[in-house]
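Trainee: take this sequence and fold it.
(chains A and B)
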Amino acid sequence: MRSPRRTLAVAASLVMLFGVTLTACGGEDDTSAEKTITVYSGRSEDLVKPILDKFSADTGIKIDARYGNTAATATQLLEEGDKSPADVFFSQDAGALGAVAKKGLFAVLPGEVTAKVPETYRAKSGEWVGVTARARVLVYNADKVKEGDLPKSVFDLTKPEWKGKVGVAPTNASFQAFVTAITVQHGEAKAKEFLAGLKANDPQVRDGNGAILEEVDAGTLPVGLINHYYLGELAKERGTTPDALKAKLHFFEGGDTGALVNVAGVGILKKAADNADARALVDYLLSPEVQALFATETSEYPVVTGIAGPTYVPALDALDVPAVDLNDLDQLEATIALIKDSGLVP
Amino acid sequence: MLLLLSAAAVAVASIPLVYLAVRTSEAGMARVLDEVVSARVGTLALRTLALAAVVTLGCLVLGVGSAFVVVRTDMPARRLLGVLAALPLAVPTYVAAFAWTSTFRGLEGFWPAALVLVLCSYPYVFLPVAASLAGADPAQEEISRSLGRGALRTFTGVTLRQIRPAVAGGGLLVALYVLSDFGAVSIIRADTFTRAIFIEFDLGFDRTGALVLSSVLVLLTTVVLAAETVTRSRGARFASLSSGRRPPNRVALGAARWPVVALLVGVAGLSLGMTVFSLARRMAVGVSRPGAWSDVLTAAGNSLWLSLAGAALTMALALPLGLLTARAPGVLTSTLNHLSYLSHALPGLVIGLSLVFFGINVAYPIYQTTWLLALGYAALFLPLAVTSVSGAAVQAPPILEETARSLGKRPVTVFRTVTLPLTLPGIGAGAALVFLTCMKELPATLLLRPTGMDTLATKLWSNTSVAAYAAAAPYAALLVLLASLPTWLLAVRSGILAKEVGP
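Mentor: Predicted coordinates:
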């Protein structure tokens, strides 16, 4: 019987690991009486944490931040309801903010907060406000597609010359918002027709925008529908500038739905309606300094007017944005039914 | 007493089922029917079951085959190759799938997903089968041979029967794993139920559709469990003819030895090598780096601590159920057992949400603490632990306990002095398996972890989600490395490292 001795060895090593872990966890519980707010972030830690840390350093308000996937975090908030520990929800997508607002979980933001942001980029009800804007673009590989051959409209992508060449991420929230925008702008029949045309044109379905961009840059995909800031992220990862990449951005013109601009934004949960610290965070995110930081750090467009955007893309007010109200994008159910029926997702 | 404690364990594992029942009934019959009764759900169900079947079959061939050559042949370097064959268990499927898709662009669909799943999960079959081949009594085979049966007939007639419980148990774990896996199927885009569930969450931030689909997944799980019950031989229990353990009989491979070695090394290369190669390439191409080494170490410490808490709680809950399974098999016990398996096949995201529900409504004081997450791990991984405990308890002769009791020892004393020492190896193996599985778990960890607590898996996820692949690589490497330790312990325990001469 040598097994028990082995098991002892197992137990001993586990105890050792335990010791290491305890020391690693030590020093975390500095629960002094300082001010703390809890932030649920559907946005990535790497993008948001430096900004939240800076907020804490500047204001002395400590932040407990929970990072997660936007959809999962929104679902968690819905599941928690009034008992949620969260004071603030920072979302990657207007649709998720709309879903939380619809359940009545958000407080109405004060008028002087929402007034900082143009009407286009906030909730009519005042329950959430945009922080940064992201444009839908067609990314293309400069070696594979000549600039003159680029489609004039996103609807041209269903034509035979693009068969098997277009990368799409139909499960991505930005794609859904785009499909909803087609419905809002041109009616449901047009959205249905576009999805059917896309499906029939042998689309290259990918899991997310990042995967599409990588393949376009590598030349294995000629074009793809993504958000503009992914180019900045990829350039950063490669240690280069966006201009040096093979992947280039094409902004649709003439108010085409393919040039939709969506937002990432914040809302304050009802229980923190009168919490000055939560309010301070929202003000901070909309301050000129932090808005400018978003442009350089995350490659997104600041929504507060008068702040310069990222350098490698046209300015936000120079974009020929379609006439679509973001508040109308919360009618997701119909869109989802359309996407499911199209067969683009399982 | 044992029954009561077992029922408590199953109650924990049933939290997700209760949650699904509550939310599904809220959705209303019309909505449920609308979601469920469609050609789409039918196709998904068939495809999911087909993937589970293909992967299980692949794992059985690869797992039993490699276990046999490692334990029962004179293959060169068999101990090294034995550990190598166990190590893919340390690689999370989302890491392996990412490695494959970033090496072979455009890899997608059923067969690539099946390949990656087989490569990551065949150790679920290899380990128990190797242990059972190493522990099986060679006397039975010798008797069979002496009675004139050939080598092949002895293998099919005697050896295969001896290892049958291990094969069935490992196969079941693989099949259930395939049902719950999100990593491989979402990255390689194989349209299974779990992927559809994740997509439902993403589509319109609507949980109802996702939860209704999850309920259907529970039904599919019962199909798999039923299939396993049918294949399981009743009351299979193999007494040892000789006392003590003897080294097993080994087949001389002759000229086939090098091709066999090449095959095993090839499999390890596809699973481990591909991952290492891809991570190294990502490191070289990217310029992002993890913030500071202290961040990486803190995440590693958190991973170890959370997994330890998860493993401890899971083992505490699994012990009574495992003993009950071994000592009092019957309808009630197998019902309890099967109930605990149902949650095991649910995706981590659904388990996570069900514990959010439980934490908010029932256990608010432990909400977003280590303990609620540990409870989530227990709900997910209870069967892994129960299988190990009952496996060890079955091998321990009940006569020893009966003797102790007949000598007037109290039940508690019998448990402490006889049962516990005899099942310790199983407890150790179960703990190691649960520990390493907790470490790889992502979706439930993201939802349930204490606010602000990062683990290796969550850091890996947050880095890859912003294309900072190079920064993610050290977390992935450390995750695989740390998960290798318990895997190595499992390999050691399986007896494949035993020296030629027994004690």
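
Trainee: burial measure for the residue in chain B that chain A sits nearest to, as a count.
Mentor: Across chain B, the shortest distance to chain A (Cβ to the nearest Cβ) belongs to residue B:301, at 2.7 Å. For glycine as for every other residue, the C-beta is placed from the backbone atoms N, C-alpha and C. If you count neighbours by other Cβ atoms under 10 Å in any protein chain shown, residue B:301 ends up with 20.

Trainee: so which bits of the strand or helix carrying it are buried?
Mentor: Assessed by DSSP states H and E, residue B:301 sits inside helix B:293-327. Across helix B:293-327, burial judged by 16 or more other Cβ atoms under 10 Å in any protein chain shown covers B:296, B:298-315, B:317-327.

Trainee: go on, stretch B:40-56?
Mentor: Residues of stretch B:40-56 classed as buried by neighbour count (16+ other Cβ under 10 Å): B:40, B:41, B:44, B:45, B:47, B:48, B:49, B:51, B:52, B:54, B:55, B:56.

Trainee: what does stretch A:281-297 give?
Mentor: Across stretch A:281-297, burial judged by 16+ other Cβ under 10 Å covers A:281-287, A:290-291, A:293-295, A:297.

Trainee: between these, which is nearest chain B?
Mentor: For those, the minimum distance to chain B (Cβ to the nearest Cβ) is 10.9 Å, reached by residue A:297.

Trainee: report pLDDT for the closest one.
Mentor: We note a pLDDT of 85 for residue A:297 in this prediction.

Trainee: what's the helix or strand harbouring residue B:412 packed up against?
Mentor: Take DSSP H and E as the rule and residue B:412 turns out to sit in helix B:411-414. Secondary-structure packing of helix B:411-414 (3 or more Cβ pairs under 8 Å, 6 or more residues apart in numbering or on different chains; DSSP states H and E): helix B:398-406.

Trainee: and stretch A:142-154, end to end?
Mentor: 18 Å (Cα to Cα, to the nearest Å).

Trainee: and for stretch A:99-107?
Mentor: Stretch A:99-107 stretches 14 Å from its first residue to its last (Cα to Cα).

Trainee: any part of it near chain B?
Mentor: Yes. Using Cβ under 8 Å from any Cβ of the partner chain, stretch A:99-107 reaches chain B at residue A:99.

Trainee: for that stretch, buried residues please.
Mentor: Buried, per 16+ other Cβ under 10 Å, within stretch A:99-107: A:99, A:100, A:101, A:105, A:106, A:107.

Trainee: and the nearest residue to the last one once chain neighbours are set aside, its phi and psi?
Mentor: It refers to residue A:107. Spatial nearest neighbour of residue A:107, excluding adjacent residues (Cβ to Cβ, 6 or more residues apart in numbering or on different chains): residue A:273 at 3.6 Å. Per-residue torsions, residue A:273: phi -50, psi -40 (degrees, to the nearest 10).

Trainee: and residue A:273, how many neighbours?
Mentor: 15.

Trainee: how near is it to residue A:279?
Mentor: Distance, residue A:273 to residue A:279, using Cβ to Cβ, to the nearest Å: 9 Å.

Trainee: residue B:453 too?
Mentor: Look at residue B:453 and residue A:279: by Cβ to Cβ, they are 27 Å apart.

Trainee: OK, contacts around residue 268?
Mentor: Reading this off chain A. Shown in contact with residue A:268 (Cβ atoms under 8 Å, 6 or more residues apart in numbering or on different chains): A:87, A:88, A:106, A:107, A:109, A:275, A:278, A:279, A:282.

Trainee: wrong chain, I was asking about chain B
Mentor: So residue B:268 contacts B:81, B:84, B:85, B:87, B:88 (Cβ under 8 Å, 6+ apart).

Trainee: what would those residues look like in JSON lines with secondary structure?
Mentor: Formatted as JSON lines, the contacts of residue B:268 follow (DSSP: H, G, I helix; E, B strand; the rest coil):
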{"residue": "B:81", "secondary structure": "helix"}
{"residue": "B:84", "secondary structure": "helix"}
{"residue": "B:85", "secondary structure": "helix"}
{"residue": "B:87", "secondary structure": "helix"}
{"residue": "B:88", "secondary structure": "helix"}
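
Trainee: touching chain B at all, the longest strand seen in chain A?
Mentor: Longest strand in chain A, counting residues (DSSP state E): strand A:129-141. No. Contact of strand A:129-141 with chain B (Cβ under 8 Å from any Cβ) is absent, the minimum separation being 13.0 Å.

Trainee: now that strand: buried residues?
Mentor: For strand A:129-141, using 16+ other Cβ under 10 Å, the buried residues are A:129-141.

Trainee: parallel or antiparallel, list what pairs with the next helix-or-strand element following it.
Mentor: Toward the C-terminal end, the helix or strand that comes next after strand A:129-141 (DSSP H and E) is strand A:166-168. Neighbouring strands of strand A:166-168 in its sheet, by DSSP bridges, are strand A:204-205 (parallel), strand A:223-227 (parallel).

Trainee: what residues are up against the residue most central in space within chain A?
Mentor: The geometric centre of chain A, computed from its C-alpha atoms, lies nearest to residue A:92 (Cα atoms, centre = their mean), at 3.1 Å. Shown in contact with residue A:92 (Cβ under 8 Å, 6+ apart): A:42, A:43, A:70, A:173, A:264.

Trainee: for the residue of the stretch 101-250 of chain A found nearest chain B, which non-adjacent residue is closest in space?
Mentor: Residue nearest to chain B within the stretch 101-250 of chain A: residue A:239 (3.3 Å; Cβ to the nearest Cβ). Distance criterion Cβ to Cβ, 6+ apart; nearest residue to residue A:239, sequence neighbours excluded, is residue B:287 at 3.3 Å.

Trainee: then residue B:160?
Mentor: Nearest to residue B:160 is residue B:167, by Cβ to Cβ, 6+ apart, at 7.9 Å.

Trainee: for the stretch 401-503 of chain B, give me the ranges with low pLDDT.
Mentor: Residue ranges of the stretch 401-503 of chain B with pLDDT under 70: B:497-503.

Trainee: work out for me the element the closest residue to residue B:187 other than its chain neighbours sits within.
Mentor: Leaving out its chain neighbours, the residue that sits closest to residue B:187 by Cβ to Cβ, 6+ apart is residue B:97, at 3.9 Å. Take DSSP H and E as the rule and residue B:97 turns out to sit in helix B:93-103.

Trainee: what packs against that helix?
Mentor: Contact analysis of helix B:93-103 by 3+ Cβ pairs under 8 Å, 6+ apart lists helix B:110-121, helix B:183-187, helix B:274-285, helix B:469-493 as its packing neighbours.

Trainee: off-centre distance for the helix or strand that the second one is followed by?
Mentor: Using DSSP H and E, the helix or strand that follows helix B:183-187 in sequence is helix B:193-202. For helix B:193-202, the distance between its averaged C-alpha position and the chain's averaged C-alpha position is 22 Å (Cα atoms, centre = their mean, to the nearest Å).

Trainee: please apply the same query to stretch A:172-188.
Mentor: On the basis of Cα atoms, centre = their mean, stretch A:172-188 sits 16 Å off its chain's mean C-alpha point.

Trainee: relative to helix B:274-285, how tilted is the helix holding residue B:97?
Mentor: Counting by axes from the mean of the first three to the mean of the last three Cα atoms, to 10 degrees, helix B:93-103 points 60 degrees away from the direction of helix B:274-285.

Trainee: which other residues reach helix B:93-103?
Mentor: By Cβ under 8 Å, 6+ apart, helix B:93-103 touches A:211, A:214, B:88, B:107-108, B:112-113, B:116-117, B:119-121, B:181-184, B:186-188, B:271, B:274-275, B:277-279, B:281-282, B:442, B:460, B:464, B:469, B:476, B:479-480.

Trainee: and if you look at stretch B:355-368?
Mentor: Applying Cβ under 8 Å, 6+ apart, the contact partners of stretch B:355-368 are A:76, A:79-81, A:83, A:85, B:15-16, B:19, B:22, B:372-373, B:375-376, B:379, B:444, B:447-451.
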